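Q: turn this into a model:
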Amino acid sequence: MTVAGSQKGLSFFGWLVLLAVLAFAASVGAKLVPHYLDYMSMKKIIETAETDKTADIVTVGDFYAYVSKGMQVNNIRDLDLNKALSITAENNRFLAHLKYEKREPLIQNIDLVVKFDHEFSVGKP
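A: Numbers count the residues shown, from 1 in each chain. Next up, the predicted model:
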């Protein structure tokens, strides 16, 4: 039979299913990627507090102010710094614990949840 030789590629419904899966993946990616970019920016802000020569970070309040300024520069507005970051001073070092979660609605009552939890040990400059 020549039927098998003439069937090449996807059918119309196959293309529709493929497009639906790609659209779903793009939608999930568009909702999650900004949160990961914000998290990576927060990590970089906290890590550069040690090497920034212009920052005069002596107290825990100074460290919060430094991170807050970095959040303004990087346009991170939907994160409550006082809830997400806890800082303690110990042995000439700052121990910073960045822990928070973000929720994004996906479909009706289904949410995407991302959790971030990282501890830093930053020396005083």
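Q: the lengthiest helix in the chain: what's the following helix or strand?
A: Scanning the chain for the helix with the most residues, using DSSP state H, yields helix 12-48. Counting by DSSP states H and E, the next helix or strand C-terminal to helix 12-48 is helix 60-73.
Q: residue nearest the centroid of the protein?
A: residue 36 (2.2 Å; C-alpha atoms, centre = their mean).
Q: mind checking the SS state of the residue nearest to it when sequence neighbours are not counted?
A: Nearest residue to residue 36, sequence neighbours excluded (C-beta to C-beta, 6 or more residues apart in numbering): residue 114, at 7.3 Å. To be clear about C-beta, it is placed using only N, CA and C from the backbone, and glycine gets the same treatment. Under DSSP: H, G, I helix; E, B strand; the rest coil, residue 114 falls in the strand class.
Q: pull the contacting residues for residue 114.
A: Shown in contact with residue 114 (C-beta atoms under 8 Å, 6 or more residues apart in numbering): 32, 35, 36, 101, 102.
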